[in-house]
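Q: one predicted model, sequence on top.
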Amino acid sequence: MCPHKKILIADDTATIVAIAECALQNAGYEVLTASSGPQAVEAAMTHGADLALLDYRMPGMNGLQAGKAIYALTGTRFVMMSAHSDNDIINQAAADGALGFIVKPLDAKELVAQINVALTRAAEIRQLKNSLQNLEETYNAAIAKAVESSRSVNTAIGILMERQQCPREHVYQSLVSEARNKRRRLVTLSEEIIKTREADYGKSIHK
């Protein structure tokens with residue numbers, strides 16, 4: 001894990017904050033600190049952070065509430081820490097989006113390792129979300145293009161039906177054959193027919 005990341009530490013016990021701050025700074029991280037849930041949310045919104053390390057029990061707002069608020073407001077993920085390895089708390093933290101759970105008292109090496117893993121997971125999740133968003137945008141663009149292409153082809157068919165006084169299926173097959181013989185895309189040929197019709201219409205108006 002590359003350092004130079006900003007970690008927000010929030011705990012109402014000054015000793016815990018000091019231990020975590022020292023360990024993470026020695027590992028090359030920039031550190032922000034807070035002593036309550038509301039302070040943690042404010043710090044994340046004001047200064048930004050790449051990850052939040054939050055104690056479960058804090059005054060004003062517990063760590064889970066603060067973590068959810070920080071993620072909702074800034075997109076920053078969080079790791080939970082607690083003096084109790086309660087399965088209910090662990091499961092609730094995971095369900096609420098925590099990327100890790102650390103049991104106090106803190107071990108400096110384990111803490112840094114957990115933070116490294118959480119940052120990697122956060123980056124992977126962010127990349128996956130970006131990929132899904134790009135895929136959705138590409139899909140929507142393809143659908144829009146298909147709709148527009150279909151509209152062009154249908155408009156061209158209508159023009160040729162009026163011009164040739166022939167049924168739709170006959171005109172469509174003739175248009176497909178012409179596109180194939182000329183090695184042109186059907187939509188491109190259709191757009192040219194539409195442009196020609198518009199040009200002819202413009203000329204007739206100005207006569």
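A: All right, it came through fine.

Q: ok, how many other residues are close to residue 153?
A: 21 (other Cβ atoms under 10 Å). Every residue, glycine included, has its C-beta placed from N, CA and C.

Q: residues contacting it?
A: By Cβ atoms under 8 Å, 6 or more residues apart in numbering, the contact list for residue 153 reads 175, 186-187, 190.

Q: closest to residue 158 out of the residues you listed?
A: residue 190 (10.4 Å; Cβ to Cβ).

Q: show me what contacts the closest one?
A: Going by Cβ under 8 Å, 6+ apart, the list of residues near residue 190 reads 152-153, 155-157, 175.

Q: ok, back up a step: what two of the contacts of residue 153 are the furthest from one another?
A: 175 and 187 (10.6 Å).

Q: how about the contacts of residue 153 in CSV, adding distance to residue 51, secondary structure and pLDDT?
A: Shown next, in CSV, are the contacts of residue 153 (distance: Cβ to Cβ, whole Å; DSSP: H, G, I helix; E, B strand; the rest coil; pLDDT from 0 to 100):
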residue, distance to residue 51, secondary structure, pLDDT
175, 59, helix, 81
186, 52, helix, 81
187, 49, helix, 81
190, 54, helix, 84
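
Q: which of the residues you listed has the most neighbours?
A: residue 190 (24 neighbours).

Q: could you report the neighbour count for the closest residue in space to it that isn't next to it in sequence?
A: Distances taken as Cβ to Cβ, 6 or more residues apart in numbering place residue 156 nearest to residue 190, at 3.6 Å, with adjacent residues excluded. Neighbours of residue 156 under the rule other Cβ under 10 Å: 23.

Q: okay but residue 156 is in contact with residue 194, surely?
A: Yes. Using Cβ atoms under 8 Å, residue 156 is in contact with residue 194, at 5.8 Å.

Q: quick one: low-confidence ranges for the protein?
A: 1-3, 139-140, 142-149, 200-207 (pLDDT under 70).

Q: before we move on, the earlier item: using a markdown table, lay out the contacts of residue 153 together with distance to residue 77.
A: Below are those laid out as a markdown table (distance: Cβ to Cβ, whole Å):
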| residue | distance to residue 77 |
| --- | --- |
| 175 | 55 |
| 186 | 48 |
| 187 | 45 |
| 190 | 50 |
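
Q: from those, pick the one nearest residue 74.
A: residue 187 (44.5 Å).
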